[in-house]
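J.: Got a predicted structure here, sequence first:
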Amino acid sequence: MQDFSGLPDTLSRALAAKGYSAPTPVQQAVTAPDLAGLDLLVSAQTGSGKTVGFALALAADLLDAEGRFDRPATPLALVIAPTRELAMQVQREFDWLFAEAGIVTASAVGGMDTRTERRALERGAHVVVATPGRLRDHVGRGVIDLSDLKAVVLDEADEMLDMGFAEDLEFILDHTPAERRTLLFSATVPRGIAKLAQTYQKPDTRRIEVGDKDSQHSDIAYVALTVAPSDIEKAIINLLRYHDPQTAIIFANTRAMVARLVAKFSNRNFSVVALSGELSQTERTHALQALRDGRAKVCIATDVAARGIDLPGLELVIHADLPTNSESLLHRSGRTGRAGRKGTSVLIVPARQRSKAQRLLKFANLEAEWGTPPSADEVLARDEERLMTDPAWDRPLAPEEQAFAERLMQAQPPEKIAAAYLRLYRERNSAPEILGEAPEPGARKPREAASFGPSTWFSLSLGRKDRAEPRWLLPMLCRNAGLSKDAIGAIRVQYQETFIELLSEAVPAMKAELGDALELEQGARLTELPGAPDLDASPKGPPPAPRAPSKPHARDAQAPAEAPAPAPREEHADRAADAPRAQTPDTASETAPKHDKPARPKGAGQTWDRAKDRDGRSPDTRWDKDKGKGKGNDKGRDRGHPGTGSGPHGKPRFDAADPSRPAGPGRKPGKPGKPSYGEAKGKFRADGDKRPAGKPASPAPEGKPRNAALDPSQPIGPGRKQGKPGKPSAGRKPGGAPARGKPRGPEARPTRKPPPKR
């Protein structure tokens, strides 16, 4: 079928009224006579006329012999689209195509009033256009009856799977009749689409692929423009002024970028609308309608408008932010160049993202023409060219226009009339921007201080107290004041203000951009100075808080050279005087001690100290953490006789028989021992024997003294078995801290728990 002659008269007249003379390739493929009644899996590029194609493919299933619909009742066809905008557009396409056939359509999309949708479904509809989430809600609540359904169309099926609607689609298709006809339209056929088709389509499904994968969007000219990062918005303004499109769309990656561009271009006298996910459905519908009516010429949108949106006269697509992947690039660009019309897709590429743009174009099988944005002179020259070729010159003059022209010629010479007309023409549009030179990727242009030129100093109302730093003050000036980096010289941050040096030739343009108040963002303002600032006269602010001194480490602390040895306590002065001193090797006495630390007495009255141990203390007084752990010396380094543990040079580590020695490593005599619990209560003998009173002492086993290392009259230590040498009490922990529940005095003896009473 090379034309629409085989269709019912109601559809042929509707197509002729819209200007359709011949079907597109996808329309011709899906309406082939041999495909009638079969399930279809169609992949075609965006903008190829798929909506009209599947509408024509369903005509034979929905219309009667006369090409009309019966009275509306339960739905006959169901069309599911990924976004609200695409669903509303599909509904409009069905409305004008089947208008003479008497179609009644209903919608079920998110963001709309559910009560209105429910009433429309209750009144009856031939075709229902819906989004997956809202349609599943209606099916689950029993609002919509799908028992008489004849056909189901999934438009942009790959996008619905990417958005996470796979479960919703399966739920909806499970509630449809098994004999229905299923048509899947998708730009690509990934694994998920193939699995969905295998599950819910009939075995005789026909696979249709329209278009060449290697030549994407032959009607779209791709252009990549390299700009400086601070000139992105200026480059977009010059592009809009140079091309002067009937309708243009600018894509950004974030909602914040959309809001910023809308505010910027509105101030520059552009008629713009926004389209993003944060807007309500009513606001989005009004924005699209303003573009279709011509009340707005520029749409700034996120990727929510990258699928299925068809705007008449859309000639220019600008990527303010590079898309995240090649598929997004294709769908964004596919908003133009639709149905045989020509279009232009422009990528704004900062110098550092050139390699990313090249990868996107390579993966999408696209070739782009690289260049730079149009300059201000090129925009003005294009204005003059457009003015000279305007069709208004060829229109005949009306009588009132002829009379006014004669009066104007008598009042002013032709040169002034032409100049005034040119000025009025330019004033209706935004002035072009002056762009800086785009740097080459990976190259840095050094700036010489002597080549800065005449400058003017300004004071900015932000200082060190506001955490002002040149690294974010410089982008703020470029972004708000319309300055380039080359026009900004020295930046001197003070406590209450910041002094900024600017090129004198850039000051008039900056004032025109900011206005008389010279106000930047967030209340920051500039004030022009008569000359160079006096940095000494600027308020210095409070001095920085003094830094707290660091706490000295124990190993860094050194005792003064003249510090005397610590005196023993009075209670045990006699014992400390008679206690034997630990001897050090002869070489240690001949060599100066480490760190010039004075010698300290060793023995009684001394505690274990890690730092002192490192600084050269005698090894015989060290507390060995891994060998003995302060409980005895039977695990000493030099094992001599059992129970005592020999120290170096033949000196015992602990003389258990000498009562003047401390009871364990780290013991500090000085406090009298406390009586045991049994002694305090009078339950034990007063002569030091820890056995309960009234019971005779059991004799030691024959040939085995109670304690081989101690005097037999000494008591057995707690927990010690009879016949083994006793260990001294570990009355204090290493470091001098008293152990809980243990005797503290040197004369206190370890106690043993009395046997239970019988």
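T.: Looks like it came in fine.
J.: Assumed residue 221 was part of a strand.
T.: Yes - for residue 221, which was evaluated using DSSP: H, G, I helix; E, B strand; the rest coil, the result is membership in a strand.
J.: gap between the residue nearest to it when sequence neighbours are not counted and residue 120?
T.: Using Cβ to Cβ, 6 or more residues apart in numbering and skipping the chain neighbours, the partner closest in space to residue 221 is residue 344 (4.9 Å). C-beta: built from backbone N, CA, C; applies to glycine. Relative to residue 120, residue 344 is positioned 40 Å away (Cβ to Cβ, to the nearest Å).
J.: repeat for residue 108
T.: From residue 108 over to residue 120 the distance is 9 Å, taken as Cβ to Cβ.
J.: the more surrounded of those two?
T.: Neighbours around residue 108 and residue 120, counted as other Cβ atoms under 10 Å, are more numerous at residue 108. The numbers are 28 against 17.
J.: which phi and psi does that one have?
T.: Here the main-chain torsion angles of residue 108 (degrees, to the nearest 10) amount to phi -140, psi 90.
J.: List the contacts of the closest residue to it other than its chain neighbours.
T.: Closest residue to residue 108 apart from its sequence neighbours, by Cβ to Cβ, 6+ apart: residue 130 at 3.9 Å. Residues near residue 130 by Cβ atoms under 8 Å, 6 or more residues apart in numbering: 78, 79, 80, 81, 87, 107, 108, 109, 138.
J.: The last one: what secondary structure?
T.: Put simply, residue 138 is helix when judged by three-state DSSP.
J.: With residue 65 instead?
T.: Recorded secondary structure, residue 65: coil (three-state DSSP).
J.: For it, which residues are in contact?
T.: Residues in contact with residue 65 (Cβ under 8 Å, 6+ apart): none are found.
J.: any idea what residue 249 is structurally, helix, strand or coil?
T.: Per three-state DSSP, the secondary structure class of residue 249 is strand.
J.: was I right about it contacting residue 305?
T.: Yes - with contacts counted by Cβ atoms under 8 Å, residue 249 reaches residue 305, the gap being 6.8 Å.
J.: contacting residues around the residue nearest to residue 221?
T.: So, once contact is read as Cβ under 8 Å, 6+ apart, residue 344 ends up touching 220, 221, 223, 243, 315, 316, 317, 336.
J.: Over to residue 452?
T.: By Cβ under 8 Å, 6+ apart, residue 452 lies in contact with 489, 501, 503.
J.: Make a ChimeraX selection of the buried ones in these.
T.: In ChimeraX, the members of the contacts of residue 452 classed as buried (16 or more other Cβ atoms under 10 Å) are selected with the following command:
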select :489,501,503
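J.: Of the contacts of residue 452, which is the nearest to residue 38?
T.: If you rank the contacts of residue 452 by distance to residue 38 using Cβ to Cβ, residue 503 comes first, at 71.0 Å.
J.: residue contacts, the closest one?
T.: Contacts were defined as Cβ under 8 Å, 6+ apart; by that measure residue 503 touches 452, 453, 454, 455, 456, 486, 487, 488, 489.
J.: Out of these, which sit inside strands?
T.: Counting by DSSP state E, the part of those found in strands is 455, 456, 488, 489.
J.: got those as a markdown table, with pLDDT and distance to residue 507 columns?
T.: A markdown table is the format used below for the ones in strands among the contacts of residue 503 (pLDDT from 0 to 100; distance: Cβ to Cβ, whole Å):
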| residue | pLDDT | distance to residue 507 |
| --- | --- | --- |
| 455 | 89 | 9 |
| 456 | 91 | 5 |
| 488 | 90 | 12 |
| 489 | 89 | 12 |
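J.: Make JSON lines out of those residues and add distance to residue 406.
T.: Formatted as JSON lines, these follow (distance: Cβ to Cβ, whole Å):
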{"residue": "455", "distance to residue 406": "54"}
{"residue": "456", "distance to residue 406": "51"}
{"residue": "488", "distance to residue 406": "54"}
{"residue": "489", "distance to residue 406": "57"}
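J.: Sort out which one of those residues lies nearest residue 173 for me.
T.: Lowest distance from residue 173 to the ones in strands among the contacts of residue 503 (Cβ to Cβ) belongs to residue 488, with 61.1 Å.
J.: what's the burial count for the closest one?
T.: Using other Cβ under 10 Å, residue 488 has 21 neighbouring residues.
J.: Could you report the separation of it from residue 474?
T.: Plainly put, residue 488 is 6 Å away from residue 474 if you go by Cβ to Cβ.
J.: With residue 525 instead?
T.: In this view, residue 525 and residue 474 are 17 Å apart by Cβ to Cβ.
J.: ditto for residue 92
T.: With distances defined as Cβ to Cβ, the gap from residue 92 to residue 474 amounts to 49 Å.
J.: Same check on residue 101?
T.: Distance of residue 101 to residue 474, computed by Cβ to Cβ: 64 Å.
J.: same check, this time on residue 272
T.: According to Cβ to Cβ, residue 272 and residue 474 sit 28 Å apart.
J.: Compare these two (neighbour count), which wins?
T.: Of the pair residue 272 and residue 474, residue 272 is the one with more neighbours under other Cβ under 10 Å, namely 22 against 16.
J.: can you tell me which residues contact that one?
T.: Residue 272 makes contacts with 261, 262, 265, 266, 296, 297, 298, 299, 300, as judged by Cβ under 8 Å, 6+ apart.
J.: Just the pLDDT at the residue nearest to the first one when sequence neighbours are not counted, thanks.
T.: Think residue 261. Counting by Cβ to Cβ, 6+ apart, residue 300 is the residue found nearest to residue 261 once chain neighbours are left out, at 4.8 Å. Looking at residue 300, its pLDDT stands at 93.
J.: go on, residue 695?
T.: Per-residue confidence (pLDDT) for residue 695: 52.
J.: Equivalent analysis for residue 637, please.
T.: pLDDT, residue 637: 44.
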